[in-house]
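In: Fold the following and give me the result.
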Amino acid sequence: MGGHVASRRPQAGARPLSRASPIGVPEVPSSSGNGPGPVNGPGPVGTPHRVVRLVPDIPAVHRRFDYTVPEALADRVGVGSRVRIDLHGRRVGAWVVEDGVTPPDGVVPKPIALSSGDGPPPAVVALAEWAAWRWAGPVSSFLGTASPPRVVRGPARGHAVRSDDAEGSGRAGAAPGGPRPAVASPGGASVGMVSAALDGTTATVVRLAPALDAVLLALEVVHRLGPDGLLVLAPSHARAAQVADRLHRAGAPVALLPEAWEAAATGRRVVVGTRAAAWGPLAVLRGAVVLDAHDEAYREERSPTWSAVDVTLERARRDAAPVLLVSPCPTVSLLEGATLVTTDRDVERRGWPAVEVVDRTGDDPRTGLFSERLVVLLRTVLDRPTGRVVCVLNRTGRARLLACAHCGALARCTSCGGSMAQAEAGGELRCSRCGSVRPAICAECDSTRLKLLRIGVSRATEELSALVGAAAVEVSGHATETVDPGARMVVGTEAALHRVPHAEAVAFLDIDQHLLAPRFGAGEEALALLARASRLVGGRGGDGRLLVQTRMPDHEVLRSAVHGDPSLLAEPERELRSELGLPPFSALALLRGAGAAAYADGLRTVEGITVSSPSEDRRMVRAVDHRLLCDALEAVPRPPGRLRVEVDPTAV
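Out: Presented below is the predicted three-dimensional model:
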């Protein structure tokens with residue numbers, strides 16, 4: 001038998017996640033093993049029959065349960081603690097989310113079985129409640145992300161943490177109990193940019209060119225605010241380790257998550273990590289820096305599809321802490337409602353490499369992907385003793401790309417500019433982005449002969465190797481994590497940009513595949529790829545070069561890269577989003593699975609909610625803002641059957 005089933009009572013300032021009772025988990029009477037006795041509210045540690053409210057570590061169970069705290073565990077159990085409980089005949093893990101609760105009259109809950117160590121602090125528990133509402137998921141999922149990877153038993157609950165309690169991070173910048181180290185200011189342009197950011201009351205977007213050192217901004221924040229309670233996020237584990245090492249060598253005490261979770265929980269180190277570190281165990285956040293805030297790695301692909309950037313912004317809002325969102329190409333969503341800080345135009349332009357756009361509009365599609373200019377660049381770089389070139393081509397692609405067999409023009413939507421595809425040979429063209437339909441006719445020359453442009457990365461590797469007479473290494477998302485340091489020519493998907501540390505040239509064999517992807521953020525993602533490639537080749541002051549093959553040479557993304565000015569994309573992108581009612585000017589949720597249709601029918605009854613059907617097995621839910629959308633997703637009962645709810649989808 002389990003403990004008493006509690007009603008959902010939200011904490012102050014948090015949005016609770018309510019769900020229908022799960023199938024197969026009926027309400028049960030509480031255990032009578034403790035005997036009768038008074039139930040006290042939150043009092044001194046060790047009060048008899050102290051009752052806490054728990055969330056079990058079972059995603060399908062959305063109820064809360066009341067349990068008593070045995071005296072032997074009284075000083076180890078508080079809000080955020082991880083425990084083990086007996087529930088319906090089996091022992092499961094759980095988190096304490098409320099302390100000192102009062103169960104209904106006549107009910108005597110069962111006791112907690114075991115303590116499993118520390119979990120997230122109370123502030124992060126409350127944040128998990130908000131996230132469960134914001135992304136329509138179980139609160140246990142977020143509490144699991146916020147918990148340490150192993151059992152951690154820190155000071156007893158309610159005991160103050162002294163400076164000499166901060167033990168053992170592998171990257172501690174000072175001996176335990178020693179004075180807090182002074183971090184030297186890096187100086188330069190970063191001082192003025194950080195000053196402007198820390199003086200603001202809203203989130204600050206710092207637009208920093210790819211070749212400029214973003215870690216200097218983090219160092220300046222540590223210098224200005226001190227290391228206590230600071231959070232620094234990076235999009236990859238390798239990048240986070242590099243940032244932690246830089247901060248450590250500058251004299252800052254650092255806790256790199258997840259390994260140094262216990263040291264991070266003291267609040268006396270700069271907490272550094274990837275996406276999950278947004279849930280780092282800081283009782284109070286004093287400041288945050290998110291490097292490459294535009295990166296898709298900050299978004300969880302599994303359900304619930306939460307964003308580390310949004311979690312960090314909410315934490316900062318609650319603690320009135322400054323946030324720096326650093327990006328070479330900030331998205332429209334990042335910029336909306338934030339303060340933008342930039343370097344001088346000359347400095348920013350020099351931070352982007354020289355970009356050569358190869359216009360293939362007039363080329364016969366049958367000639368393949370390799371232009372004469374590409375071959376010349378490859379041979380020029382490979383003739384150097386240590387020259388290395390990276391060629392990027394997505395093997396599977398993000399869109400079926402059609403071109404006119406007569407004039408070579410791409411089949412694009414006349415409404416939103418997305419790519420058009422055919423479901424079957426000879427059928428109508430349908431926009432993969434907005435769903436518009438038109439006859440299979442070229443919009444430029446009225447020809448009815450269309451050709452599908454596609455080539456796999458394996459074939460491209462073979463052909464390029466034969467074309468330039470040099471060995472080529474293939475890299476894809478399924479390849480090994482490292483690339484042979486001696487490899488001179490690397491051909492692969494966009495994963496190659498993360499596996500190669502530097503190159504003299506990067507060539508995008510078919511950037512149109514990214515520009516016309518069936519995602520409303522396709523342009524922003526394409527510019528992010530160009531920014532990532534720019535870091536491999538360096539700024540305009542060096543010999544590095546970025547070559548892009550396209551049939552859309554005047555596209556805003558390419559003009560932004562050529563001029564080193566991301567605003568050339570951001571401004572028209574914002575106008576298009578506003579006109580089409582896309583985020584950040586609306587809130588969206590994508591429903592998938594067998595239960596999507598029934599759940600969508602229930603949502604249609606909510607005022608202000610509209611539902612469309614992009615395909616037979618998907619439903620798109622739209623509202624004017626997240627408050628209306630998330631309240632509706634919370635209020636409508638979920639039907640039986642498989643259902644995936646993706647809040648803030650990247651594709652429509």
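In: Mind naming the longest helix for the chain?
Out: helix 522-537 (DSSP state H).
In: Which parts of the stretch 1-150 of the chain are helices?
Out: Secondary structure of the stretch 1-150 of the chain (DSSP state H, counting those that start in this stretch): helices located at 122-134, 139-145.
In: err, the stretch 401-550 of the chain, not the other one
Out: 457-468, 496-499, 512-515, 522-537.
In: among those helices, which is nearest Thr274?
Out: helix 496-499 (13.2 Å; Cβ to Cβ). To be clear about C-beta, it is placed using only N, CA and C from the backbone, and glycine gets the same treatment.
In: just checking, what packs against the closest one?
Out: In terms of contacts (3 or more Cβ pairs under 8 Å, 6 or more residues apart in numbering; DSSP states H and E), helix 496-499 is packed against strand 389-392, strand 489-492, helix 522-537.
In: got a list of contacts for that helix?
Out: With contact meaning Cβ atoms under 8 Å, 6 or more residues apart in numbering, helix 496-499 is reached by 236, 390-392, 475, 479, 481-483, 490, 492, 506, 529, 532-533, 536.
In: Show the buried residues in those.
Out: Among the contacts of helix 496-499, those classed as buried by 16 or more other Cβ atoms under 10 Å are Val390, Cys391, Val392, Val475, Val483, Val490, Gly492, Val506, Leu529, Arg532, Ala533, Leu536.
In: Which of those residues lies at the shortest distance from Gly100?
Out: The closest of the buried ones among the contacts of helix 496-499, once distances to Gly100 are taken by Cβ to Cβ, is Arg532, at 50.3 Å.
In: Quick check: chain neighbours aside, which residue is closest to that closest one?
Out: Counting by Cβ to Cβ, 6 or more residues apart in numbering, the nearest residue to Arg532 once its immediate chain neighbours are dropped is Leu497, at 4.8 Å.
In: returning to that earlier point: for the helices of the stretch 1-150 of the chain, give me JSON lines that also has mean pLDDT and distance to Ser415.
Out: JSON lines is the format used below for the helices of the stretch 1-150 of the chain (pLDDT from 0 to 100; distance: least, Cβ to Cβ, whole Å):
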{"stretch": "helix 122-134", "mean pLDDT": "98", "distance to Ser415": "31"}
{"stretch": "helix 139-145", "mean pLDDT": "97", "distance to Ser415": "38"}
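In: centre of the chain versus the longest helix of the chain, how much separation?
Out: Relative to its chain's centre, helix 522-537 lies at 17 Å (Cα atoms, centre = their mean, to the nearest Å).
In: cool, stretch 130-142 as well?
Out: 15 Å.
In: Endpoint to endpoint, it covers what distance?
Out: 10 Å (Cα to Cα, to the nearest Å).
In: Over to stretch 514-522?
Out: Termini of stretch 514-522 sit 6 Å apart (Cα to Cα).
In: Show me the contact partners of it.
Out: 331, 394, 398-399, 401, 410, 412, 417-419, 432-433, 508, 523, 525-526, 529, 550, 552, 555, 557, 577, 580, 582-583, 650-652.
In: Please pick the buried ones from those residues.
Out: 331, 394, 398-399, 401, 410, 412, 417-419, 432-433, 508, 523, 525-526, 529, 550, 552, 555, 557, 577, 582-583, 650-652.
In: Could you list the buried residues of the longest strand along the chain?
Out: When the chain is parsed with DSSP state E, its longest strand is strand 90-99. By 16+ other Cβ under 10 Å, the buried positions in strand 90-99 come out as Val92, Gly93, Ala94, Trp95, Val96, Val97, Glu98, Asp99.
In: and which of those is nearest Gly602?
Out: Val97 (27.6 Å).
In: For the closest one, give me the pLDDT.
Out: Looking at Val97, its pLDDT is 97.
In: which residues sit in contact with it?
Out: By Cβ under 8 Å, 6+ apart, the contact set of Val97 is Gln11, Arg53, Leu54, Val55, Arg64, Val79, Val125, Glu129, Val139.
In: Which parts of this structure belong to which domain?
Out: As recorded under automatic domain parsing, the domains making up the chain are 4-145, 166-173+181-348, 353-400+454-575, 586-647.
In: Tell me which of those domains is the most buried.
Out: Using mean count of other Cβ atoms under 10 Å, the stretch among the domains of the chain with the largest mean neighbour count is domain 166-173+181-348, at a mean of 21.
In: quick one: that one to chain centroid distance?
Out: 14 Å.
In: ok, now stretch 404-416?
Out: For stretch 404-416, the distance to the chain centre is 33 Å (Cα atoms, centre = their mean).
In: Check stretch 349-359 too.
Out: Distance of stretch 349-359 from the chain centroid (Cα atoms, centre = their mean) equals 28 Å.
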